[in-house]
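Asker: I'd like to go over a predicted model; first the sequence, then the structure.
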Amino acid sequence: MEAQALQFFIACVTAAGFGIAIAAFGCGIAQGLGLKAAVEGIARNPESSGKVTVTLLIGLAMIESLCIYALVIALILIYATPMAKTVTGLLGG
């Protein structure tokens, strides 16, 4: 039972780490592309900078929320395991 609990915890930690890495990579790429497009748009038409900036900030907030959702799921995987007491006992906590 203890070995299964520890294996499950190790799998959860590994999944959480990969999930955050993939989410951060994807969000970084998406934010970079969005910023690039916004800067190009402002460079071509400087009078539209206000509207482009507002739209950019809303878009970046939406993209960043996806990474925050991944963080929440990772924390749930790590701290809300069904065998948390067994794992805590094994790790000496």
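Answerer: Perfect, thanks for sending it.
Asker: quick one, helices of the chain?
Answerer: Applying DSSP state H to the chain gives helices spanning 2-44, 49-79, 84-90.
Asker: buried set for the last one?
Answerer: Yep, that's helix 84-90 we're talking about. Burial within helix 84-90, assessed by neighbour count using 16 or more other C-beta atoms under 10 Å, is assigned to Thr86, Val87. In this view, the C-beta of every residue, glycine as well, is placed from N, C-alpha and C.
Asker: what helices or strands is it leaning on?
Answerer: Contacts of helix 84-90 with other secondary structure elements, assessed using 3 or more C-beta pairs under 8 Å, 6 or more residues apart in numbering; DSSP states H and E, are made with helix 2-44.
Asker: residues touching the nearest residue to Gly41 once chain neighbours are set aside, list them.
Answerer: Using C-beta to C-beta, 6 or more residues apart in numbering and skipping residues adjacent in sequence, the residue nearest Gly41 is Val52, 5.1 Å away. Contacts for Val52 were tallied using C-beta atoms under 8 Å, 6 or more residues apart in numbering; they are Ala38, Gly41, Ile42.
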